[in-house]
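**Student:** One predicted model, sequence on top.
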Amino acid sequence: MDSDTQASPPVWAASLAPNTLFDPFAPTEAVIDSYPPLFAAEMAAPGMEGARMWVATRFEPIREIFQNGERYSSHGVYPYFRAMNIDLTAIPIDVDPPEHTRYRKFLEPSFSPRAMVALEPLIRANIDKLIDSFIDKGQCDISYDYSRIYPVRVFMELMGFPEERFDDFLSWSHPMHFETDNFERYSWGTKSALAFMQGFINEVRSRPPDDTVASRIVHGECEGSKLTDKEVLGTIFFLWDGGMDTVAATSSLMFRRLALDPDLQQLLRDNPDRMANAVEEFLRMHPTVNTVRIALVDHELEGQQIKAGDRLMCMVAAGNFDPDKYEDPRSFRLDRSQNHHFTFVAGPHRCLGINLARFELRLALSEILRRIPDFRIKPGVDCMAVPGLMGAPNVPIVWDTGAS
Ligand code: HEM
């Protein structure tokens, strides 16, 4: 291998790089064309150095890895506590069934479809207020002024987090997701959030129980007993991390795509009753994270010999674009009857916030299409998509105010 070849990242890693493409996931197509369903790769992430890593690039092996709990574990994949030698477990992601099941049963009622429908007035109030703030201007940054804000505000209220901490929360979570090569910043973000959570939990404990999710975790009973102090902290910290920026990132890519694609925008304006399908297709086409599992036993997968302890990274975008699974996988289609994608993974660790995420995205999308006329990217601006939590931090758009 010459030095030029060594310097350039492999195709699969390049597909995760920042870009300004119309479809930020377009490079994933090269992964499907260039790699087998499962291949060995090197990967350096905080706390994962030196591990043997496999990369799965098709629907079937990814499904198997997510769903087969006897072969694959998610214990040890959550990086933050391990990277900093903090003696805490991220609940529920870092726990395998059957122990995992009791935590899920405890947490699921707070995020059920019914509980989310009850949030509709709160979500609408947040969305309407933001749209009111820019509707007359004929322009806004639909990522920074809208997508960045509404899901975080809703999530904070649902959890019971103090709203004045909004800016702190974003400043702590940013280095955790986007500055992973700067350990000082990464560690500062994690430790600041953790210190806040500890104080917050003490306060919740000192107050009578209420309906917020944090209060239910602190005061509630999980299969007949209260969670220990460490379990409470590991759960509330992980929920904070999982629930904070994920919808915001997806929302930024959803509106970026619409602003770049007038035909798609028109299709959705013509089909206001298809918003649930539209959101599912945006989710399939814009997955924010890739996910790792650890092999529990020696076994064979896709003709490869996997050893216990090996890590397997599921390239969610590649699985979501598998031509053997999806007809015309690179096209946005409203008529997919079985849209089973991996954006929320699958199996026991399927995202707990799935109902909240879908509902928020649906309302945010319908309201923008209802209130803002045809919009497009403001000429000459930067609306780069960046990985970490794949999203576009800035998506400045313009529209004709005379038409609104
Ligand atoms: C579009 C938005 C979202 C996306 C794309 C997303 C994605 C994911 C993914 C990929 C996982 C699996 C991680 C893994 O297996 O390593 C996950 C798990 C999880 N997510 Fe989400 N998420 C979103 C929104 C939310 C929200 C709003 C919450 C708030 C409660 C949340 C809470 C969780 C929790 C608690 C888990 C762990 C589930 C378990 O281990 O049983 N997520 N999410």
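**Tutor:** The structure has been received and is ready for your questions.
**Student:** Got phi/psi on the residue of the stretch 101-250 of the chain found nearest the ligand?
**Tutor:** The ligand sits closest to Gly243 of the stretch 101-250 of the chain, with a gap of 2.9 Å, by CB to the nearest ligand atom. C-beta here means a position set from N, CA and C on the backbone, and glycine is covered the same way. Main-chain dihedrals, Gly243, degrees, to the nearest 10: phi -100, psi -10.
**Student:** Give me the three-state assignment for the spatially closest residue to it that is not a sequence neighbour.
**Tutor:** Using CB to CB, 6 or more residues apart in numbering and skipping the chain neighbours, the partner closest in space to Gly243 is Phe155 (4.7 Å). Classification of Phe155 by DSSP: H, G, I helix; E, B strand; the rest coil places it in helix.
**Student:** Run through the residues that contact Phe155.
**Tutor:** The contact partners of Phe155, by CB atoms under 8 Å, 6 or more residues apart in numbering, come to 161, 243-244, 247, 356.
**Student:** try Pro24
**Tutor:** For Pro24, the contacting residues are 253, 286, 385, 390, 392, by CB under 8 Å, 6+ apart.
**Student:** Now do the same contact list for Pro37.
**Tutor:** For Pro37, the contacting residues are 56-58, 60-61, 302, by CB under 8 Å, 6+ apart.
**Student:** can I get those in CSV with pLDDT and distance to the ligand?
**Tutor:** Formatted as CSV, the contacts of Pro37 follow (pLDDT from 0 to 100; distance: CB to the nearest ligand atom, whole Å):
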residue, pLDDT, distance to the ligand
Ala56, 96, 13
Thr57, 95, 17
Arg58, 97, 18
Glu60, 97, 18
Pro61, 98, 15
Glu302, 97, 20
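**Student:** Inside helices: which ones of those?
**Tutor:** Taking DSSP state H as the definition of helices, the contacts of Pro37 contribute 60-61.
**Student:** quick one: which of the contacts of Pro37 is most hemmed in?
**Tutor:** Ala56 (28 neighbours; other CB atoms under 10 Å).
**Student:** about what we covered before: please determine how far the residue nearest to Gly243 is located from Glu280.
**Tutor:** Distance from Phe155 to Glu280, counting by CB to CB, to the nearest Å: 21 Å.
**Student:** and the nearest residue to Phe25 once chain neighbours are set aside, what element?
**Tutor:** Leaving aside its chain neighbours, Phe25 sits nearest to Ala317 (4.8 Å; criterion: CB to CB, 6+ apart). Counting by DSSP states H and E, the element that carries Ala317 is helix 316-320.
**Student:** Show me what the helix or strand where Ser173 lies is packed against.
**Tutor:** According to DSSP H and E, Ser173 maps onto helix 166-178. Where contact means 3 or more CB pairs under 8 Å, 6 or more residues apart in numbering; DSSP states H and E, helix 166-178 is packed against helix 150-159, helix 183-206, helix 229-244.
**Student:** Just the buried residues of it, please?
**Tutor:** 169, 172-178 (16 or more other CB atoms under 10 Å).
**Student:** now swap in stretch 156-169 and tell me
**Tutor:** For stretch 156-169, the neighbour count (16+ other CB under 10 Å) marks 156-161, 169 as buried.
**Student:** Can you give me the pLDDT of the spatially most central residue of the chain?
**Tutor:** The residue lying closest to the centre of the chain (CA atoms, centre = their mean) is Thr246, at 3.7 Å. pLDDT recorded at Thr246 is 93.
**Student:** The residue nearest to it when sequence neighbours are not counted and Leu258: what is the separation?
**Tutor:** Using CB to CB, 6+ apart and skipping residues adjacent in sequence, the residue nearest Thr246 is Thr288, 5.9 Å away. Separation of Thr288 from Leu258 (CB to CB) stands at 17 Å.
**Student:** Counting neighbours, what do you get for whatever residue of the chain ends up closest to the ligand?
**Tutor:** The minimum distance from the chain to the ligand, using CB to the nearest ligand atom, falls at Gly353 (2.1 Å). Gly353 is flanked by 19 other residues according to other CB under 10 Å.
**Student:** quick one: contacts for it?
**Tutor:** Going by CB under 8 Å, 6+ apart, Gly353 touches 111, 242-243, 246-247.
**Student:** Just give the nearest non-adjacent residue to Asp324, would you?
**Tutor:** Using CB to CB, 6+ apart, the nearest residue to Asp324 is Phe59, at 6.7 Å.
**Student:** And for Arg165?
**Tutor:** That would be Phe196: by CB to CB, 6+ apart, it lies 7.1 Å from Arg165.
**Student:** Verify the stated contact: the one you found with Asp168.
**Tutor:** Yes: between Phe196 and Asp168 there is a contact at 7.1 Å, judged by CB atoms under 8 Å.
**Student:** Which helix or strand lies directly C-terminal to the helix or strand of the chain with the lowest mean pLDDT?
**Tutor:** Using mean pLDDT, DSSP states H and E, helix 3-7 stands out as the lowest-scoring helix or strand of the chain, at a mean of 44. Downstream of helix 3-7, the next assigned helix or strand under DSSP H and E is helix 11-14.
**Student:** what packs against that following helix?
**Tutor:** If you count contacts as 3+ CB pairs under 8 Å, 6+ apart, helix 11-14 packs onto helix 28-34.
**Student:** Settle it for me: which of Thr288 and Leu258 has more neighbours?
**Tutor:** Leu258 (27 against 22).
**Student:** isn't that one right next to Arg269, touching?
**Tutor:** No: here Leu258 does not reach Arg269: they are 9.9 Å apart, not a contact under CB under 8 Å.
**Student:** neighbours around Glu203, how many?
**Tutor:** Neighbours of Glu203 using other CB under 10 Å come to 12.
**Student:** From Gly160, how far out is it?
**Tutor:** Glu203 sits 10 Å away from Gly160, going by CB to CB.
**Student:** do the same with Ile62
**Tutor:** 35 Å.
**Student:** possible to save the buried residues of helix 166-178 as CSV with pLDDT and distance to Ala115?
**Tutor:** Output for the buried residues of helix 166-178, formatted as CSV (pLDDT from 0 to 100; distance: CB to CB, whole Å):
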residue, pLDDT, distance to Ala115
Phe169, 94, 22
Trp172, 92, 26
Ser173, 89, 24
His174, 85, 29
Pro175, 84, 31
Met176, 85, 27
His177, 79, 27
Phe178, 79, 31
